[in-house]
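Peer 1: Sharing a model that was predicted from the sequence below.
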Amino acid sequence: MHLRLATRLVPVFSHTLRLGGSIYADKPLVEAALARGESLGITPGGIAEMFYGYPQPGCRALEEYAVLRHRKGFVRLAVQHGAALVPTYIFGASKLYRRIVLPKVVEDVSNYLHLSIVLFYGRLGLPIPFEVAMTYALGTAIDTSHWLQMGPTPPPEVVDFVHNTFKAGLVHTFDRHKVAYGWGDRTLKLV
């Protein structure tokens, strides 16, 4: 988990996340962690992904969304450090809360500030998550260590290849486990 500037402004929240092993999502800190051989859990969709999903205009009730199509920075870092990438999908995470649809300008401001301005609610209209079973589905690891010999800056075609492999792996992981979770009628859409 990575911390952004916004979480630094909430003292108890940021301290709790750091105690759990989180680091700030600053490139130098992420690179240092990778150089030490640490495993990182990165959510490439970030704040933008919070705005996707039903009932957002253009989103369908039986589709899950991953903002991944143009997110390549995490792949580039993995290739630079020879770190394996493991496509992971968390079933049920999109159902923990319900979101109130806000105007598009709120999403733009959120992305600019690196701060999610989202109105959501859970049980009893409070910020208590709904009781939802969650399942973490892990895909096949993508080894990038053999590209280390290419130097510190991987060629764009290598990044594109690994990125496309990761995207396909995420969709495959979703499709492989969706029936067991009870979402056989759902699809995962990469945006």
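Peer 2: Structure received.

Peer 1: At which residues are the strands of the chain located?
Peer 2: 2-3, 23-24, 63-66, 88-91, 98-100, 119-121, 135-138, 187-190 (DSSP state E).

Peer 1: which helix in the protein runs the most residues?
Peer 2: In the chain, with assignment by DSSP state H, the single longest helix is helix 156-181.

Peer 1: buried stuff in that helix?
Peer 2: Across helix 156-181, burial judged by 16 or more other C-beta atoms under 10 Å covers 159, 162-163, 165-167, 169-171, 173-174, 177-178, 181. For glycine as for every other residue, the C-beta is placed from the backbone atoms N, C-alpha and C.

Peer 1: do stretch 64-82 as well
Peer 2: The neighbour-count check on stretch 64-82 (16+ other C-beta under 10 Å) flags 64-68, 71-72, 74-81 as buried.

Peer 1: residue nearest the centroid of the protein?
Peer 2: In the chain, the centroid-proximal residue (C-alpha atoms, centre = their mean) is Thr43; its distance is 2.2 Å.

Peer 1: neighbours around the nearest residue to that residue once chain neighbours are set aside, how many?
Peer 2: The shortest distance from Thr43 to any non-neighbouring residue, by C-beta to C-beta, 6 or more residues apart in numbering, is to Glu49 (7.1 Å). Glu49 has 18 neighbouring residues, counting by other C-beta atoms under 10 Å.

Peer 1: Glu49 touches Val67, doesn't it?
Peer 2: Yes. If you go by C-beta atoms under 8 Å, Glu49 and Val67 touch, sitting 4.3 Å apart.

Peer 1: one step back: and of the strands of the chain, who's closest to Tyr54?
Peer 2: Proximity to Tyr54 (C-beta to C-beta) singles out strand 63-66 among the strands of the chain, at 7.3 Å.

Peer 1: how is the protein carved up into domains?
Peer 2: Here the domain parsing of the chain from automatic domain parsing is 1-41, 43-190.

Peer 1: mean pLDDT for those: which is lowest?
Peer 2: Per-stretch mean pLDDT for the domains of the chain is lowest at domain 1-41 (a mean of 76).

Peer 1: Against Glu38, how distant is Thr144?
Peer 2: 15 Å (C-beta to C-beta, to the nearest Å).

Peer 1: These two - which one has more neighbours?
Peer 2: Ranked by neighbour count (other C-beta under 10 Å), Thr144 and Glu38 place Thr144 first, with 22 against 12.

Peer 1: Look up the closest residue to the more buried one, ignoring the ones flanking it.
Peer 2: Closest to Thr144 by C-beta to C-beta, 6+ apart is Val79, at 4.7 Å.

Peer 1: In contact with the one you found, which residues?
Peer 2: Contact analysis of Val79 by C-beta atoms under 8 Å, 6 or more residues apart in numbering lists 144, 147, 154, 158-159, 162.

Peer 1: Arg60 touches Tyr54, doesn't it?
Peer 2: Yes. The pair Arg60 / Tyr54 is scored as a contact, 6.2 Å apart, by C-beta under 8 Å.
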